[in-house]
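Visitor: here is my input, please return the structure:
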Amino acid sequence: QVQFVESGGGLVQPGESMILSCAASGFTWDLYTIAWFRQAPGKEREAVSCITNDDSSPLYSDSVKDRFTISRAAAGNTVFLQMRSLKPSDTATYYCATGLGVGCTEYDMDYWGEGTLVTVSS
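Guide: Numbering: from 1, shown residues only. Have a look, this model is predicted:
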């Protein structure tokens, strides 16, 4: 059974950093594309970052490029999203997701975490 445990969300001030983690069980990350999505209140879910299963360079949305970094743990089934220079506009529930293909849209994902709330506010 595929399961995700997301952690690392909470309240931070603008300009600060935060790391989200997503620990998975029930499958092997290496075979899957991994992505982070977010959904702000009243808005549609958007893709934030993605690592495809063909080992190509990570992808980032324009809104987080140069501030966020997606990575896999060297060992074990954990994926991280390092977020720097956080802005109030980054406030959202963040979800990790995975799919067997190389696509990075929400329609390409087969499994989803339950989400972790990130609030950026002074």
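Visitor: from here on, contacts and neighbour counts on C-alpha atoms
Guide: Noted.
Visitor: specify the beta-bridge partners of Leu81.
Guide: Beta-bridge partners recorded for Leu81 (DSSP bridges): Leu20, Ile70.
Visitor: isn't it up against Ile19?
Guide: Yes - counting by CA atoms under 8 Å, Leu81 does reach Ile19; the two are 5.6 Å apart.
Visitor: contacting residues for Phe4?
Guide: With contacts taken as CA atoms under 8 Å, 6 or more residues apart in numbering, Phe4 has the following neighbours: 22-25, 112-114.
Visitor: which residues of the chain score low on pLDDT?
Guide: 55 (pLDDT under 70).
Visitor: just give me the residue closest to the centre of it.
Guide: Trp36 (2.4 Å; CA atoms, centre = their mean).
Visitor: so it touches Thr52, yeah?
Guide: No - the criterion here is CA under 8 Å, and Trp36 misses it with Thr52 at 11.8 Å.
Visitor: any common contacting residues for these two?
Guide: Common contact partners of Trp36 and Thr52 (CA under 8 Å, 6+ apart): none.
Visitor: relative to Ala92, how far out is Lys43?
Guide: 9 Å (CA to CA, to the nearest Å).
Visitor: settle it for me: which of those two has more neighbours?
Guide: Ala92 (21 against 9; other CA atoms under 10 Å).
Visitor: leaving out chain neighbours, which residue sits closest to that one?
Guide: Ala40 (4.1 Å; CA to CA, 6 or more residues apart in numbering).
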